[in-house]
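K.L.:
fold the stuff below for me.
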Amino acid sequence: MDIVNCKQGEDDWYKAKLGVISASNISCVLAKKGTATKDSYLCELVSQIATGIMPEINGPALKWGKENEIMSRSAYELISGNDVEEIGFIYGKDRRIGASPDGLIKNRTQGLELKNPYTSKVHAEFLAMDKMKSEYILQCQFSMYVTGLSQWDFASFDPRFKKNMLKFITIEKDEKTFERFDNELPVFIYEMDLILNKLELQWGDQWK
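P.N.:
Here you go, the predicted structure:
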């Protein structure tokens, strides 16, 4: 794996991610052509290449996630029995795609995605029905696509629950989803490069 040794949230991490299609935003890539979701993400990546700047996103949900990150990782390690290796950023093919997993486990043969839902209802749905948001499923699948791994643990943690604060499941690689990545990523990257060319830019300018 092409791993960038950095701490998530620090300058080197933001720099590594510039213009790179990320696992957390893969649902935007797979959105229908011409939708605001897809076009906005396309232009966001172009702007990162043009400026060399990664805008920092803030908000109550993100703040909640950061505040509970250490606790959720510890809870996962305790319940699963797995030691978590913290990872900065991992590049996929040609460094055009990447992922920031919440950790690698079992000697780097499996990945981990930890979620700390801002709304407790989301955690309850996962506990009671194994219900995951579609973008979370795609994020885990794309993380496997980037890393070449075939299993990913998904964990949901909510310290406000008196019982069952954490639950995790293991997700297997899905061939049909991988086919979507194979088919739709080249089209998205092609459209991105057309815009870059129109603006007299090219891939890699973000790191010059």
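
K.L.:
what about the helices in the protein?
P.N.:
Using DSSP state H, the helices found in the chain span residues 11-17, 26-29, 36-51, 60-67, 69-80, 120-129, 134-147, 175-198.

K.L.:
so which of those helices gets nearest residue 207?
P.N.:
Residue 207 lies closest, by C-beta to C-beta, to one member of the helices of the chain: helix 11-17, at 7.3 Å. In short, each C-beta sits where N, CA and C put it, glycine included.

K.L.:
what residues of that closest one count as buried?
P.N.:
13, 14, 15, 16, 17 (16 or more other C-beta atoms under 10 Å).

K.L.:
closest to residue 70 among those?
P.N.:
The closest of the buried residues of helix 11-17, once distances to residue 70 are taken by C-beta to C-beta, is residue 13, at 17.0 Å.

K.L.:
how close does the closest residue to the closest one other than its chain neighbours get to residue 33?
P.N.:
Take residue 13 and drop its neighbours on the chain: the residue closest to it by C-beta to C-beta, 6 or more residues apart in numbering is residue 6, 4.7 Å away. According to C-beta to C-beta, to the nearest Å, residue 6 stands 34 Å off from residue 33.

K.L.:
now swap in residue 49 and tell me
P.N.:
From residue 49 across to residue 33, the span is 21 Å (C-beta to C-beta).

K.L.:
mean pLDDT lowest where, among the helices of the chain?
P.N.:
Lowest mean pLDDT of the helices of the chain: helix 60-67, a mean of 79.

K.L.:
was I right about the residue nearest to residue 13 contacting residue 14?
P.N.:
No - using C-beta atoms under 8 Å, residue 6 makes no contact with residue 14, being 9.1 Å away.

K.L.:
what's the closest of the helices of the chain to residue 95?
P.N.:
helix 11-17 (9.0 Å).

K.L.:
what packs against the closest one?
P.N.:
strand 2-4, strand 89-91 (3 or more C-beta pairs under 8 Å, 6 or more residues apart in numbering; DSSP states H and E).
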